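Peer 1: need a structure here:
(chains A and B)
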Protein chains: 2
Amino acid sequence: MAEFKLHCFGESGNSYRVALMLQLCGCDWEPVFVPFFKGGTRDPDWRVRFNEMGEAPVLEHGALKLTQSGVILDYLAERTGKFGPHNPEERREILRWILYDNHKFTSYYATLRFQVGLTHQGDPAVHEFLRGRVTAAWKIVDTHLAGADFLVGGRPTIADLSLAGYVYYTEETGLDTRALFPNIVAWSERIKALDGWQAPYNLMPRD
Amino acid sequence: MAEFKLHCFGESGNSYRVALMLQLCGCDWEPVFVPFFKGGTRDPDWRVRFNEMGEAPVLEHGALKLTQSGVILDYLAERTGKFGPHNPEERREILRWILYDNHKFTSYYATLRFQVGLTHQGDPAVHEFLRGRVTAAWKIVDTHLAGADFLVGGRPTIADLSLAGYVYYTEETGLDTRALFPNIVAWSERIKALDGWQAPYNLMPRD
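Peer 2: Model prediction:
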C-alpha cells in the first residue's frame, strides 16, 4: 500500500494541485477515485468518513485525514522539505497567494469551467458574471508574474502549485486565457518544465 | 501614533474580522479609511503602496504591510498569543476553516450582499446563483456548529473571527439567514458575548 492515499477525481483542479505536489516531491502515493459527478463527495456517509465539507481532495497519511488543498500543500511542504517557505516573510507571502487563489483566482474559474465546459449548465448571465470575476482576478496574477518567474521568492513554491490547479485543463470557458494572460501562460510553462511534472488526467482517474 | 494601522472601510467584513481581532486582543490600533466605493483600493498608486491585489484590509505594523485577512489574523495570533492554535492539529484545523471561509463561506455572501444590499446592482440570475452557493456553504458551517460552540478546539480562535466577518451586517441579501441557520446565529451570539466585542460600524469609518 502506498504511503499517501489521495481521494480525488481527474476533473478536480483542487485535487490536481495536491497530486502534482506528491508527484514533484517523489512521494509514494496513489489516487483513490471519488465519483464526484455521481454525488460521491456529497454522500452523507462519505462526509462523515472523509470530509464534512463535502469536497475533494482528501489526503490520507497514516491515521491522518487532511482536507483543503491549502492545508495539505502546507503539510506536505513541511514533511518533504520541498516547495515551502524559507523564512516567516515567505511563509506569509505563500499563504497570502493561497488565500487569494481560494477566494478569487481559482474559485470563479473552476465554477465557470464546471458550468460551461463540463456540465453545460447554468444561466448565461451567471457565466458572464463569472467571466468578469475571472478576468479581474487573473489580471492581478498576470501583472504580478510580469516581474517574477514564480509567485514568491523567485523559485517554485506551494503557492505556484496552488494557483496552477486549473491552468492545464483545456475545457471550454468562453475566455481565451492564453491570449489574455501571457504571463500566466509563460509561468505555467515554467512549472510544466519542472522535473516530474504530469498533466491532470495522467495523474488522476477521471469520470 | 497607534502601534497598528488598519487600512479599511466599515462596510468591509474582510476588514472587520481584523478590526475585531485587534479590539478583542486589546491592541493599540487605529483605522485608516479607504474610499473603496470611490475606487480607493483599485487606484494604481494605492496598489503599489499598499496591496497589488487591490483589496482591503491592509495592516501596517512598523515597516510591515500585511494583506489578506487570513495572513493578518495568523500574524496577530502569533504576536499576541491570543485566539491561535495550541498544537499542529489545531493549526491545520484553523487554516482549513479559514480557507473554506475564503473559498465558499464569506466570498459568495459578501458578493451577494454587495450587489443586493449595498450597490443594488447585478443580474437577478446572478443573485439567485449566489443565494444557492451561500445556502450550501452556510449549511455546512451550521451543521458543524450544531455539535460545537466554536469551530475549532471548543474555544474562540481566529477561525471563528474569520467566518464572523460578515455575520453582523444587516444589509439585505434576500436570504433569511437567521431562520435558515440557527446554529450560526447562536455561535455569532457567543462571539458577540466576548469581552470587548464591537459591531463593524463602531470599529471602522463607513462611506
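
Peer 1: Look at A:Lys104 and give its secondary structure.
Peer 2: helix (DSSP: H, G, I helix; E, B strand; the rest coil).

Peer 1: Per-residue confidence, it, what does it come out as?
Peer 2: For A:Lys104, the model assigns a pLDDT of 97.

Peer 1: For it, which non-adjacent residue is closest in space?
Peer 2: Distances taken as CB to CB, 6 or more residues apart in numbering or on different chains place A:Ala137 nearest to A:Lys104, at 3.9 Å, with adjacent residues excluded. The C-beta positions use only the backbone N, C-alpha and C, and glycine is treated the same way.

Peer 1: Render the CA-only coordinates of the strand or helix carrying that neighbour in CSV, please.
Peer 2: According to DSSP states H and E, A:Ala137 maps onto helix A:124-145. The C-alpha trace of helix A:124-145 is given here as CSV (Å, rounded to 0.1, in the frame of the first residue of the first chain):
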residue,chain,number,x,y,z
PRO,A,124,-25.7,32.9,-19.4
ALA,A,125,-25.8,35.9,-17.0
VAL,A,126,-24.0,33.8,-14.4
HIS,A,127,-21.4,32.8,-17.0
GLU,A,128,-20.8,36.4,-17.8
PHE,A,129,-20.6,37.4,-14.2
LEU,A,130,-18.0,34.6,-13.6
ARG,A,131,-16.0,35.7,-16.7
GLY,A,132,-15.8,39.2,-15.3
ARG,A,133,-14.6,38.0,-12.0
VAL,A,134,-12.1,35.6,-13.5
THR,A,135,-10.7,38.3,-15.8
ALA,A,136,-10.2,40.7,-12.9
ALA,A,137,-8.6,38.1,-10.6
TRP,A,138,-6.3,36.6,-13.3
LYS,A,139,-5.2,40.1,-14.4
ILE,A,140,-3.7,40.7,-10.9
VAL,A,141,-1.8,37.5,-11.1
ASP,A,142,-0.7,38.2,-14.6
THR,A,143,0.6,41.6,-13.6
HIS,A,144,2.5,40.1,-10.7
LEU,A,145,4.1,37.5,-12.9
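
Peer 1: Quick check: buried residues in that helix?
Peer 2: A:125-127, A:129-131, A:133-135, A:137-138, A:140-142, A:144-145 (16 or more other CB atoms under 10 Å in any protein chain shown).

Peer 1: in chain A, which spans are strands?
Peer 2: A:4-8, A:29-33, A:58-61, A:64-67 (DSSP state E).

Peer 1: on that earlier part again, residues contacting the helix holding A:Ala137 from elsewhere in the structure, which ones?
Peer 2: A:100, A:104-105, A:108-109, A:111-112, A:115-116, A:151, A:163, A:173-175, A:177, A:180-184, A:186-187, B:52-54, B:122-123, B:125-126, B:129 (CB atoms under 8 Å, 6 or more residues apart in numbering or on different chains).

Peer 1: and the angle from that helix to helix B:124-146?
Peer 2: Angle of helix A:124-145 versus helix B:124-146, following axes from the mean of the first three to the mean of the last three CA atoms, to 10 degrees, is 70 degrees.

Peer 1: Just the terminal-to-terminal distance for stretch A:104-117.
Peer 2: In stretch A:104-117, first residue to last residue: 19 Å (CA to CA, to the nearest Å).

Peer 1: Go through it and flag the buried ones.
Peer 2: For stretch A:104-117, by 16+ other CB under 10 Å, it's A:104-116.

Peer 1: Give me the mean pLDDT for stretch A:80-90.
Peer 2: pLDDT averaged over stretch A:80-90 gives 98.

Peer 1: Would you tell me whether that stretch gets close to chain B?
Peer 2: No. Applying CB under 8 Å from any CB of the partner chain, one finds stretch A:80-90 separated from chain B by no less than 8.7 Å.

Peer 1: Start and end of that stretch, how far apart?
Peer 2: One end of stretch A:80-90 sits 17 Å from the other (CA to CA).

Peer 1: contacts for that stretch?
Peer 2: A:21, A:24-25, A:27, A:73-74, A:76-78, A:91, A:93-94, A:152-153, A:156-158, A:160-161.

Peer 1: Buried residues of that stretch, list them for me.
Peer 2: A:Lys82, A:Phe83, A:Gly84, A:Pro85, A:Glu90.

Peer 1: what do you get for stretch A:167-185?
Peer 2: Buried, per 16+ other CB under 10 Å, within stretch A:167-185: A:Val167, A:Tyr168, A:Tyr169, A:Thr173, A:Leu175, A:Thr177, A:Phe181, A:Asn183, A:Ile184.

Peer 1: Contacts only, for the residue nearest to the spatial centre of chain A.
Peer 2: Residue closest to the average C-alpha location in chain A (CA atoms, centre = their mean): A:Gly165, at 2.7 Å. A:Gly165 sits next to A:Gly13, A:Asn14, A:Tyr16, A:Arg17, A:Ser69, A:Asp101, A:Thr106, A:Ala110 when contact means CB under 8 Å, 6+ apart.

Peer 1: Setting the sequence-adjacent residues aside, check what's closest to it.
Peer 2: Closest to A:Gly165 by CB to CB, 6+ apart is A:Gly13, at 3.6 Å.

Peer 1: And the one you found, how close does it get to chain B?
Peer 2: Note on A:Gly13: its distance to chain B, by CB to the nearest CB, to the nearest Å, is 13 Å.

Peer 1: list the contacts for A:Gly40?
Peer 2: A:Phe9, A:Val34, A:Trp46.

Peer 1: Take the residues you listed and write them to TSV, including pLDDT, neighbour count and distance to B:Arg206.
Peer 2: Listed next are these as TSV, based on pLDDT from 0 to 100; neighbours: other CB atoms under 10 Å in any protein chain shown; distance: CB to CB, whole Å:
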residue	pLDDT	neighbour count	distance to B:Arg206
A:Phe9	98	24	44
A:Val34	97	26	44
A:Trp46	96	19	43
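
Peer 1: Among the residues you listed, which ones are in helices?
Peer 2: A:Trp46 (DSSP state H).

Peer 1: okay, the contacts of A:Gly40 in JSON lines with distance to B:Pro205 next?
Peer 2: Output for these, formatted as JSON lines (distance: CB to CB, whole Å):
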{"residue": "A:Phe9", "distance to B:Pro205": "47"}
{"residue": "A:Val34", "distance to B:Pro205": "47"}
{"residue": "A:Trp46", "distance to B:Pro205": "46"}
